[in-house]
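Asks: Could you work out the structure for the sequence below:
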Amino acid sequence: MFDFDYAVITDSWPLLLIGIQYTLQLTVIATIGGVVLGTLLAMARLSNNKVLSMTAAGYVNVMRSVPLLLVIFWFYFLLPLGLQWVTGSEWPMAIGADRSAYITFILFEAAYFCEIMRAGIQSVPRGQVNAGYALGLNYGQSMRLIVLPQAWRNVLPLLLTQTIILFQDVSLVSLLNVTDFVGAAVKIAQRDSRVVEMYLFIAVVYFFMSLGLSLIVKQIHKRTAIIR
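Replies: As a prediction, the model looks like this:
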């Protein structure tokens, strides 16, 4: 155990680089997709339409009550069977681990971004919406031009904090045999029988990357904080 050989890290750097690129790519795409879908869900939850509001609330509550790992397995194993039943195909439709990962994380994270955006929208005084109406803007224009820019500013640190959590959660896709950062390290560890070195290395990388991102979030919070 204490016969460390860290040369395995430098020798396997090309595969590790592919893994970290995949992790960052999935994190960025899931964040963008999750924020967009989460914003729409937040607006639906705040809608006066009861059906729309309850549907969005039900979606958010289900996603926030189910473990992420289970949702990943749902989309990877059960969605092809569901599409086969809907389309009447002879065989389950191939989705693949990559597409399952992207779909899962966008839909799952949207539920969390929804609650963050809902709080941000509610933090904007109602009088500003009424002022938009007085200027001749409709509801959509008031939300797009007045409410949402302020809401995003108010909750930007929370959105970035959730992104850090997402960055850590992406490691779960390694269970689908996807070559993310953790998946690449696991393959190297099994190939070279250097489990301690690789697992310690990925722990150190995650620690420093998460710490660095957290410090950036603190600085952004100081710059965007509104003195009331």
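Asks: use CA for all of it now, contacts and neighbours both
Replies: OK.
Asks: So for the host helix or strand of residue 35, what gets flagged as buried?
Replies: Element membership for residue 35 (DSSP states H and E) is helix 13-45. Using 16 or more other C-alpha atoms under 10 Å as the test for burial, helix 13-45 gives 15-16, 19-20, 22-23, 26-27, 30-45.
Asks: tell me the mean pLDDT over that helix?
Replies: Helix 13-45 shows a mean pLDDT of 94 in the predicted model.
Asks: and that helix, how far out from the chain's middle?
Replies: Computed by C-alpha atoms, centre = their mean, to the nearest Å, the chain-centroid distance of helix 13-45 equals 5 Å.
Asks: Residues touching the following helix or strand past it, excluding its own?
Replies: Following helix 13-45 in sequence order, the next helix or strand is helix 50-65 (DSSP H and E). Helix 50-65 is contacted by residues 41-42, 44-47, 108, 111-112, 114 when judged by C-alpha atoms under 8 Å, 6 or more residues apart in numbering.
Asks: Let's test this: mean pLDDT of the following helix or strand past helix 50-65, rounded?
Replies: Using DSSP H and E, the next helix or strand after helix 50-65 towards the C-terminus is helix 68-73. The average pLDDT within helix 68-73 is 90.
Asks: what's helix 68-73 packed up against?
Replies: Judged by 3 or more C-alpha pairs under 8 Å, 6 or more residues apart in numbering; DSSP states H and E, the packing partners of helix 68-73 are helix 97-123.
Asks: can you give me the mean pLDDT across the next helix-or-strand element following the helix it packs on?
Replies: Note on helix 97-123: by DSSP H and E, the next helix or strand toward the C-terminus is helix 126-134. For helix 126-134, mean pLDDT rounds to 82.
Asks: May I have helix 126-134 exported as CSV, CA atoms only?
Replies: C-alpha atoms of helix 126-134 as CSV (Å, rounded to 0.1, in the frame of the first residue of the first chain):
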residue,chain,number,x,y,z
ARG,A,126,-43.7,43.0,-7.2
GLY,A,127,-43.9,46.7,-7.8
GLN,A,128,-41.3,46.4,-10.6
VAL,A,129,-43.5,44.1,-12.5
ASN,A,130,-46.4,46.6,-12.1
ALA,A,131,-44.1,49.4,-13.3
GLY,A,132,-43.4,47.3,-16.4
TYR,A,133,-47.1,47.0,-17.0
ALA,A,134,-47.4,50.7,-16.6
